[in-house]
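Peer 1: Curious how this folds, go ahead:
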Amino acid sequence: MKKFTSFMSGCLVVIASVLTLSVYAETADNSQIYQLLDRSGTTRAIEGLPIQMQALGQQLALTAKNPQEHQEFMTLFIDSLDTDRMLQQMLENIGNNMSSEDIEGVLQWLHTDIGERIVNAELKSTEPEFQQNFMLFMAELQSSPPSDERKVAIMEFVEASGMVDQGMNLITGMVKNMFSVIKTKNSEDEELTKNLDDQLALMTKSMRPAFEQQMVLSSYYLYQDISNEDLATYMTFFEQPAGEKYLATMYDALGEALNTWGREMISQVVAQHDKTAENAE
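Peer 2: As a prediction, this is how the structure comes out:
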């Protein structure tokens, strides 16, 4: 159980870090949805997950108490990720929830100057060197703090985008599904079920403040070249029906893809744990 708990801790750390990167008339065709995924940067973000995780795994290895166990976990974690399947699931979800007219409205916005600059700014979070560049930026930000106007602009943007609530929903939803797999495989272990329920409640409560802080700090970095005025313009997009529907559908589509991956990944983790336990006997 101790080793299993270590595996689960690794899951939560990596999941939280990776997310510290999603939305009826005529039905949209696949080519239109592919265009949406490409123009919004979603395709690049999903396809870049394995490289991001490898880079993150290397950082976590520096503080791992058991390097071999850490490497085994990261190998399993990355190997279980099928980006093609994730994108296919997202495509199907978007097709079921957004019409051709809905998508065309979003594509028009993404083709504007500010839309393109916003996407390019957000894609910095998909780069393998993101964590390193982010830490360097934060060191500079501490020595040269932002103006009060910038602080207000960033805080209002984070609140208007709903990224904290949506991000926490993604994390807790995925972990809840992962825990469900464990409960099913150990249906007679009432103590384990209670412990997992307690862990989920504790995680949700304790992680939110840190996650919100991470979203705010990440926004300072990602949008450093986006003016306060342009951020305000971006926020109006969230308030329009097309923007609201786009964000809701993208988060739902991403959540469905992550949940599928999480269930399969944790099944492999449990199998690996059981195998290790048997060999130790």
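Peer 1: The closest residue to Val175 other than its chain neighbours sits in which helix or strand?
Peer 2: Leaving out its chain neighbours, the residue that sits closest to Val175 by CB to CB, 6 or more residues apart in numbering is Leu200, at 6.2 Å. C-beta: built from backbone N, CA, C; applies to glycine. Under the criterion of DSSP states H and E, Leu200 resides in helix 190-222.
Peer 1: now that helix: how far from the chain's centre is it?
Peer 2: 13 Å (CA atoms, centre = their mean, to the nearest Å).
Peer 1: now swap in stretch 112-123 and tell me
Peer 2: Here the centre of stretch 112-123 is set off from its chain's centre by 19 Å, with CA atoms, centre = their mean.
Peer 1: for stretch 263-277, same thing?
Peer 2: Relative to the centre of its chain, stretch 263-277 is centred 23 Å away, using CA atoms, centre = their mean.
Peer 1: In it, which of the residues would be classed as buried?
Peer 2: Neighbour-count burial for stretch 263-277 flags 264-267, 269-270, 272-273 (criterion: 16 or more other CB atoms under 10 Å).
Peer 1: pLDDT score assigned to Ser99?
Peer 2: Per-residue confidence at Ser99 stands at 91 (pLDDT).
Peer 1: now the helices for the stretch 151-281 of the chain?
Peer 2: 163-185, 190-222, 228-239, 241-280 (DSSP state H, counting those that start in this stretch).
Peer 1: how much space between the residue nearest to Val175 and Met53?
Peer 2: 23 Å (CB to CB, to the nearest Å).
Peer 1: Looking at those two, which is more packed in?
Peer 2: Just comparing Leu200 and Met53: by other CB atoms under 10 Å the higher neighbour count belongs to Met53, 19 against 15.
Peer 1: shouldn't the more buried one be in contact with Ile78?
Peer 2: Yes - counting by CB atoms under 8 Å, Ile78 is a contact partner of Met53 at 5.3 Å.
Peer 1: where in the stretch 151-281 of the chain is pLDDT low?
Peer 2: Residues of the stretch 151-281 of the chain that meet the criterion pLDDT under 70 lie in 273, 276-281.
Peer 1: now do 80
Peer 2: The model of the stretch 151-281 of the chain has pLDDT under 80 over residues 181-182, 185-186, 269-281.
Peer 1: The stretch 1-150 of the chain now?
Peer 2: In the stretch 1-150 of the chain, residues with pLDDT under 80: 1-29, 52-53, 55-57, 59-60, 64, 69-70, 72-73, 77, 128.
Peer 1: show me where it has helices.
Peer 2: All helices of the stretch 1-150 of the chain, identified by DSSP H, counting those that start in this stretch, fall at 2-19, 30-39, 42-47, 49-61, 67-79, 83-97, 100-110, 113-122, 130-143, 148-161.
Peer 1: Out of the ones you listed, which is closest to Gly173?
Peer 2: Counting by CB to CB, Gly173 lies closest to helix 2-19 out of the helices of the stretch 1-150 of the chain; the figure is 10.8 Å.
Peer 1: picking that back up, export the helices of the stretch 151-281 of the chain to TSV and append columns for distance to Leu123.
Peer 2: Output for those, formatted as TSV (distance: least, CB to CB, whole Å):
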stretch	distance to Leu123
helix 163-185	16
helix 190-222	9
helix 228-239	15
helix 241-280	15
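Peer 1: List just the one of these that sits closest to Arg150.
Peer 2: The nearest among the helices of the stretch 151-281 of the chain, by CB to CB, is helix 228-239 at 6.5 Å.
Peer 1: chain center to that closest one, what's the gap?
Peer 2: Going by CA atoms, centre = their mean, where helix 228-239 is centred and where its chain is centred differ by 22 Å.
Peer 1: How about that helix, which residues are buried there?
Peer 2: For helix 228-239, by 16+ other CB under 10 Å, it's 228, 230-231, 234-235, 237.
Peer 1: State the pair within the residues you listed that is farthest apart.
Peer 2: Maximum distance among the buried residues of helix 228-239 (CB to CB): 15.5 Å, for Asn228 and Phe237.
Peer 1: about what we covered before: which single one of the buried residues of stretch 263-277 is nearest to Val175?
Peer 2: Set against Val175, the nearest of those by CB to CB is Ile266 (9.1 Å).
Peer 1: excluding its backbone neighbours, what's nearest the closest one?
Peer 2: Met178 (4.0 Å).
Peer 1: my guess is that neighbour meets Arg263, correct?
Peer 2: Yes - Met178 lies in contact with Arg263 (CB under 8 Å); the separation is 6.6 Å.
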